[in-house]
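>>> Structure, please.
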Amino acid sequence: MTVALMWEARAVPGRGEDLLAWARARELPRAPLRRETLRAPQDRVLVITWWDAPYDAELPELPEPDEELVTRAVHRWRFESVDED
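Reported below is the predicted structural model:
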């Protein structure tokens, strides 16, 4: 089964590039199958990692950034693939 973890944070206005650099520099204790980093308006950063693991497996996730970098707590979601090739 493939599980995707999504991590999304919103930077303090004008700090989007700093948050993006922070997220890209974070290494996980083990490598996922795939990792993608995206950005969106309003200085949002999204990181998606894919894992070959059961839905409820213990998986490494990005931590919370420093409070002065973000406007709110990080949002996290977990999904399982239903249409694998």
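
>>> Now do stretch 34-48: everything it contacts.
Contacting residues not belonging to stretch 34-48 are listed as 4-16, 19-20, 23-24, 28, 49-50, 62 [C-beta atoms under 8 Å, 6 or more residues apart in numbering]. Yep, even glycine has a C-beta here, placed from its N, CA and C like the rest.

>>> Helix, strand, or coil at Glu64?
What DSSP: H, G, I helix; E, B strand; the rest coil gives for Glu64 is coil.

>>> Could you pull up the residues touching it?
So Glu64 contacts Val70, Ala73, Val74 (C-beta under 8 Å, 6+ apart).

>>> Which PyMOL command selects the buried ones in those residues?
Remark: buried members of those, expressed as a PyMOL selection using 16 or more other C-beta atoms under 10 Å:
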select buried, resi 70+74
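
>>> ok, so of the contacts of Glu64, who is nearest Pro32?
Taking C-beta to C-beta as the measure, Pro32 lies nearest Val74 of these, at 17.3 Å.

>>> Who does the closest residue in space to that closest one that isn't next to it in sequence form a beta bridge with?
Nearest residue to Val74, sequence neighbours excluded (C-beta to C-beta, 6 or more residues apart in numbering): Ala9, at 4.8 Å. Counting by DSSP bridges, Ala9 forms beta bridges with Val45.
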